[in-house]
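A.B. asks: Have a look; sequence and predicted model below, questions after that.
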Amino acid sequence: MKFTYRPEIDGLRAISIIGVVLFHFEFPYVSGGYLGVDVFIVISGFLITAFIFNRLKINEFSFSQFLYRRAKRLLPSFFLVLFLSLIFAYFIFLPDNLINFSRSLISSTFLSSNFFFWLNSGYWDESNSNPLLHTWSLSLEWQFYFLFSLFCLFLWKLEKSKLSRVTIILFILLFFSSLFVAIIFKERNSSFFLLPFRLYEFFIGSFVYFIIHKRFSFVEKNKNILSFFAILFVLLSFIIFDSQSNIPGYISLIPCLSTGLLIYISGSKMHNFLKNRILVYLGLISYSLYLYHWPIWIFLSWINIVEISFFIKLILIVLSVFLSILNYHFIENPMRKNFQIKNYKKLILISIFIIIVLAPFQLMSEKGYPDRFTKKKKDLIEALKKNNALTRDKFLSENTDSKFSKDAGFKVLVLGDSNGEDMFFALKQNVDQSLIDVEYLSFSVWCFEKPVLVKILGIFERIKNRSKLCNEENIVFKKKLELLNDANFIVLSSSWNKHIHKYIEDVISYIKSHTNGEIIISSKSTHFPDISTLVKRIDEKNISKLNQIAYKTKLKFVSDINYKLKKKANVLNLKFMDKSKWICSDIEKKCNIYDEKNNEFNIIDNHHWTLKGAKTYGKKIKLDNFFNNF
């Protein structure tokens, strides 16, 4: 097949990058936008296969020239973004974050960051604020370029310079092997980041190359409707799926096969739409846009204390596109067109490469340069390090035994998720344990939520996983019904979502069916920007004002949820425990998140309590208001 430029493929790239950017910038209804990367992978598989085999057929393929062409086009922009990220990270990040960034920079520079993030974090870790996280897919691409080109060259020589059935069969075997392990493999970090679990996505693009010269009458006759549904399925995958979906796996086949079909078909009405000048241009700058948008989002998120508004997100998108246009016209495209790189450009590239290789080792050897900060700021950073979640886990395991003491005068059972743990810590550290026994039982209220989407889309993996988790928890819950039967009081404390007022009655009804104890509903805990975000923005002169700053930056959506939850509690004739009053004072206009005298934090992330914080907040519980006869 003689390859000619197809602008609709760039249009498809545009749709892919739109999905990725909107997902990363946390726009609503694009919870599966990260699947845009899967679409890119299929396109890459098609284009690379076409490039290699078209040149093999005319005996013009050179392994070294192939990698040189790829490097010349992609690496200059890539290294520039790494260099700029290094500069911003030095001035913005706290020492521990700078050290972690330095490690990721080394792996990114040598195109192995997918291994780094596989071993050290995860794509779905909400605390992951690494500006180089997105480089995992670029490393994956490069590993494919290298191994696939060698594989094709070997097969071509083995089969005596022809595309035989053996080659096709081998491709099919590798495809199904990759898909099989992606589906059955349980450890999601491995399957998400590593090439063997993604190979089938590349090969979908490869198969399109092998069959694109064949015209199937059914496809030709129905190309308009098929291409319409192919685009629709790509867009729906951006909307329907989310971080809980089992990807990669058979779910990925929906956007990937749709992409393959769109590449195979040509001349449909949807292809005319994809050839729109705006989409094509956005597709042309999509690589640059992919490189720039994520660091821009991360660094702004670090600098910005308050919630990032919709308007600011739009500005960030405009900034990302603007920088991408500059990068495309002044770096990416000129480097692609000129086979030889001018000496002064080589010198710049070599200098940048040396810096991004050596600087991380220097930053790590100096422990992230803590001397960039004043003594008070360093003390604040040290206090932040104390808030280890392991201390919470240890306290929980040492203070729960799933049974009440027979000698206890009153028995209090806390039901809930990690916010229930907070309540347990608060009560356990503040009651007279010789008179009152407090126990904790995990209880996920979201299992009672039955939105229309769950009913309609129950076949999909994320819904199946959700149901499985709820069923497993329900089995454990029923094994411990004695706790509910014995409890005098049940405190329901959870990370209530915005729809809780619609199904809280079902939750209460279920609990009442297993206990005669008095049920108390605890409010949603006050949320702030992540504590590390607050710390990095605080000047030395404002450290004493940290609690006042926290009050100004507390997230507003919590109040709306609590207002609706309290109304429901009143309707159900249940007591409502407002935790926000323990944390923040509307009179003093401050939230007690930091104890400057003892240099300790009461909040561990953006709303969970440290053990010290739980003890502090728990002292403010007026027991006689909630627990009769205490």
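C.D. replies: Structure's in. What do you need?
A.B. asks: Quick one: residues contacting Thr526.
C.D. replies: Lys554, Leu555, Val558, Lys579, Ser580, Ile583, Cys584, Cys591, His607 (CB atoms under 8 Å, 6 or more residues apart in numbering). Every C-beta, even on glycine, is put in place using the N, C-alpha and C of the backbone.
A.B. asks: Assumed it was part of a helix.
C.D. replies: No: applying DSSP: H, G, I helix; E, B strand; the rest coil, one finds Thr526 to be coil, outside a helix.
A.B. asks: Could you pick out the buried ones from the contacts of Thr526?
C.D. replies: When neighbours are counted using 16 or more other CB atoms under 10 Å, these contain these buried positions: Lys554, Val558, Lys579, Ser580, Ile583, Cys584, Cys591, His607.
A.B. asks: Could I get the residues you listed in a markdown table, plus columns for pLDDT, distance to Tyr145 and secondary structure?
C.D. replies: Shown next, in a markdown table, are the buried ones among the contacts of Thr526 (pLDDT from 0 to 100; distance: CB to CB, whole Å; DSSP: H, G, I helix; E, B strand; the rest coil):
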| residue | pLDDT | distance to Tyr145 | secondary structure |
| --- | --- | --- | --- |
| Lys554 | 87 | 48 | coil |
| Val558 | 90 | 47 | helix |
| Lys579 | 89 | 53 | coil |
| Ser580 | 88 | 53 | helix |
| Ile583 | 91 | 52 | helix |
| Cys584 | 92 | 54 | strand |
| Cys591 | 92 | 51 | strand |
| His607 | 90 | 44 | coil |
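A.B. asks: Report whether Tyr209 is found in a helix, as I expect.
C.D. replies: Yes: checked against three-state DSSP, Tyr209 lies within a helix.
A.B. asks: if I look at Phe40, how far off is Val535?
C.D. replies: Separation of Phe40 from Val535 (CB to CB, to the nearest Å): 36 Å.
A.B. asks: from the middle of its chain, how far away would the helix or strand containing Lys581 be?
C.D. replies: Per DSSP states H and E, Lys581 falls inside helix 580-583. Put simply, helix 580-583 sits 30 Å off its chain's centre (CA atoms, centre = their mean, to the nearest Å).
A.B. asks: for stretch 333-349, same thing?
C.D. replies: 35 Å.
A.B. asks: just stretch 371-390 next, same as before
C.D. replies: Distance, centroid of stretch 371-390 to centroid of chain: 26 Å (CA atoms, centre = their mean).
A.B. asks: thinking again about what came up before, so for Phe40 and Val535, which sits in the more crowded spot?
C.D. replies: Counted by other CB atoms under 10 Å, Phe40 and Val535 do not tie: Phe40 has more neighbours, with 23 against 19.
A.B. asks: Next SSE downstream of the helix or strand hosting the more buried one?
C.D. replies: Following DSSP H and E, one finds Phe40 within helix 36-57. Counting by DSSP H and E, the next helix or strand C-terminal to helix 36-57 is helix 63-92.
A.B. asks: Report all helices and strands that that following helix contacts.
C.D. replies: helix 95-109, helix 135-158, helix 286-303, helix 333-337, helix 343-365 (3 or more CB pairs under 8 Å, 6 or more residues apart in numbering; DSSP states H and E).
A.B. asks: Just say helix, strand or coil for Phe576.
C.D. replies: Secondary structure state of Phe576, per three-state DSSP, is strand.
A.B. asks: That one: what's its closest spatial neighbour, skipping adjacent residues?
C.D. replies: Ala569 (4.1 Å; CB to CB, 6 or more residues apart in numbering).
A.B. asks: contacting residues around that neighbour?
C.D. replies: Ala569 neighbours (CB under 8 Å, 6+ apart): Ile521, Lys575, Phe576.
A.B. asks: Does the second one touch Ile520 like I think?
C.D. replies: Yes: under the criterion of CB atoms under 8 Å, Lys575 makes contact with Ile520 at 4.7 Å.
A.B. asks: the more surrounded of the two?
C.D. replies: Taking neighbours as other CB under 10 Å, Lys575 and Ile520 compare with Ile520 leading, 21 against 17.
A.B. asks: thought the more buried one was touching Ile508?
C.D. replies: No: using CB under 8 Å, Ile520 is not in contact with Ile508, being 11.0 Å away.
A.B. asks: hey, what's in contact with both of these two?
C.D. replies: Common neighbours of Ile520 and Ile508 (criterion: CB under 8 Å, 6+ apart): Leu492, Leu574.
A.B. asks: Next, the buried residues of stretch 73-90.
C.D. replies: Within stretch 73-90, the residues scored as buried using 16+ other CB under 10 Å are 73-86, 88-90.
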